[in-house]
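Chemist: Need coordinates for the below:
(2 chains)
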Amino acid sequence: NAGVTQTPKFRILKIGQSMTLQCTQDMNHNYMYWYRQDPGMGLKLIYYSVGAGITDKGEVPNGYNVSRSTTEDFPLRLELAAPSQTSVYFCASSIGGNTEAFFGQGTRLTVV
Amino acid sequence: GNSVTQMEGPVTLSEEAFLTINCTYTATGYPSLFWYVQYPGEGLQLLLKATKADDKGSNKGFEATYRKETTSFHLEKGSVQVSDSAVYFCALSVMGSSGYALNFGKGTSLLVTP
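Modeler: Predicted structure coming up:
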């Protein structure tokens, strides 16, 4: 029962570098989400997906890209890292839109 | 747009005190409402939910009632424990352009002292 697995747990990037945050779930969930969490700001939705091949923007998509080629995986790509992308990133999944979302442990990203 | 507004924290209570954390929402259509809890260093976990007006969600002594007339979903607990210290998030799920999107409030930090 792995649930939602995110890698890496921590990462330091230099400005302008790129990286991919990995997220995989083994619950056969249709919905997957990416959030960023900043102190005092709660969670902001970056992108979400309702199934393989379908993605849509959330509140704060600029500077990020996603893909959903399989049901299990939902990677988040940062192409040109900026200090404003320093945050904790959470991936989540749910079987449907109105059902419980299960969260990963988070990735703490620092851009310097 | 769709959004959730929670009371500002931090909230500090003594053990066995009564807890209320206010949550109001704005949404098109008929959202489902949730409370999630985040313990230090962890991801969020579902605490309770309600999917239609007048539904009451409850779990671990916490409860919240979906009030459509006041667009609210306040979280309550009659007697808090030190172990309830965490950050609590109100959230709503509503249909977006490509399916349901789950949106969160800013979170309310709760500290319970012995």
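
Chemist: Look up how far chain B lies from residue A:83.
Modeler: 22 Å (Cβ to the nearest Cβ, to the nearest Å). Yep, even glycine has a C-beta here, placed from its N, CA and C like the rest.

Chemist: which residue ends up closest to the midpoint of chain A in space?
Modeler: residue A:34 (3.1 Å; Cα atoms, centre = their mean).

Chemist: Name the nearest residue to it, sequence neighbours excluded.
Modeler: Closest residue to residue A:34 apart from its sequence neighbours, by Cβ to Cβ, 6 or more residues apart in numbering or on different chains: residue A:46 at 4.4 Å.

Chemist: now do residue B:33
Modeler: With Cβ to Cβ, 6+ apart, the residue lying closest to residue B:33 is residue B:73, at 4.4 Å.

Chemist: Can you verify my assumption that that neighbour contacts residue B:25?
Modeler: Yes - here residue B:73 reaches residue B:25: they are 6.7 Å apart, a contact under Cβ atoms under 8 Å.

Chemist: joint contacts of those two?
Modeler: Shared contacts of residue B:73 and residue B:25 (Cβ atoms under 8 Å, 6 or more residues apart in numbering or on different chains): B:33, B:90.

Chemist: So if I had to pick from those two, which one is more boxed in?
Modeler: More crowded of residue B:73 and residue B:25, by other Cβ atoms under 10 Å in any protein chain shown: residue B:73, with 30 against 23.

Chemist: Mean pLDDT per helix and strand in chain B: which one sits at the bottom?
Modeler: strand B:99-104 (a mean of 82; mean pLDDT, DSSP states H and E).

Chemist: ok, and what's touching that one?
Modeler: So strand B:99-104 is contacted by A:31, A:33, A:35, A:42-45, A:48, A:50, A:54, A:56, A:58-59, A:92, A:94, A:96-98, A:101, B:2-4, B:34, B:36, B:89-94 (Cβ under 8 Å, 6+ apart).

Chemist: Quick one: residues contacting residue A:26.
Modeler: Residues near residue A:26 by Cβ under 8 Å, 6+ apart: A:2, A:3, A:5, A:72.

Chemist: Quick one: name the residues of chain B near chain A.
Modeler: Neighbours of chain A within chain B, by Cβ under 8 Å from any Cβ of the partner chain: B:6, B:32, B:34, B:36, B:42-46, B:49, B:51, B:89, B:93, B:95-107.

Chemist: Residue of chain A nearest chain B, please.
Modeler: residue A:97 (2.3 Å; Cβ to the nearest Cβ).

Chemist: What's the local residue count around the residue lying closest to that residue once chain neighbours are set aside?
Modeler: Closest residue to residue A:97 apart from its sequence neighbours, by Cβ to Cβ, 6+ apart: residue B:100 at 2.3 Å. The number of residues packed near residue B:100 is 20, by other Cβ under 10 Å.
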